[in-house]
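Asker: Everything below, folded, please.
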Amino acid sequence: MTTDEGTIDVPALLVGGRYDECRPSHLEEMHQRIAGSRLAIIGDASHLCFAEQPREFMNLVNTFLDQRDAAG
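Answerer: A predicted model of the protein is given here:
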């Protein structure tokens, strides 16, 4: 984590697992620093949440992308 998150000015989705080494509290801090970002924590997953819970991960990503497409 750095202090540069505040310079991100594009849509951002932060996804992590509940048991990730990058703890949900760290992701929450990053989320607070990135204006307009979305944060999702996958309950039964760790650092490889995309591999451990692929359906949930893909649903989150697809929903995020669909919302971005709809927004133009």
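Asker: Go through the lengthiest helix in the chain and flag the buried ones.
Answerer: Longest helix in the chain, counting residues (DSSP state H): helix 54-71. Under the neighbour-count criterion of 16 or more other CB atoms under 10 Å, helix 54-71 has Glu56, Phe57, Leu60, Phe64 buried. For glycine as for every other residue, the C-beta is placed from the backbone atoms N, C-alpha and C.
Asker: for the first one, what are its contacts?
Answerer: By that I understand Glu56. Counting by CB atoms under 8 Å, 6 or more residues apart in numbering, Glu56 makes contact with Ile42, Ala45, Cys49.
Asker: ok, now the last one?
Answerer: For Phe64, the contacting residues are Pro11, Leu13, Arg38, taking CB under 8 Å, 6+ apart as the criterion.
Asker: Ramachandran angles for the last one?
Answerer: The phi and psi torsions at Arg38 (degrees, to the nearest 10) take the values phi -120, psi 140.
Asker: That one contacts Met30, correct?
Answerer: No: counting by CB atoms under 8 Å, Arg38 sits too far from Met30 to count as a contact (11.5 Å).
Asker: Touching both of these two, which residues are there?
Answerer: Leu14.
Asker: which one of these two has more residues nearby?
Answerer: Legend: neighbour count by other CB atoms under 10 Å for Arg38 and Met30, higher for Met30 (18 against 15).
Asker: Distance-wise, check the more buried one relative to Gly6.
Answerer: 10 Å (CB to CB, to the nearest Å).
Asker: Any chance of a markdown table for the contacts of Glu56, columns secondary structure, distance to Ser25 and neighbour count?
Answerer: Below are the contacts of Glu56 laid out as a markdown table (DSSP: H, G, I helix; E, B strand; the rest coil; distance: CB to CB, whole Å; neighbours: other CB atoms under 10 Å):
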| residue | secondary structure | distance to Ser25 | neighbour count |
| --- | --- | --- | --- |
| Ile42 | strand | 15 | 20 |
| Ala45 | coil | 16 | 21 |
| Cys49 | helix | 16 | 23 |
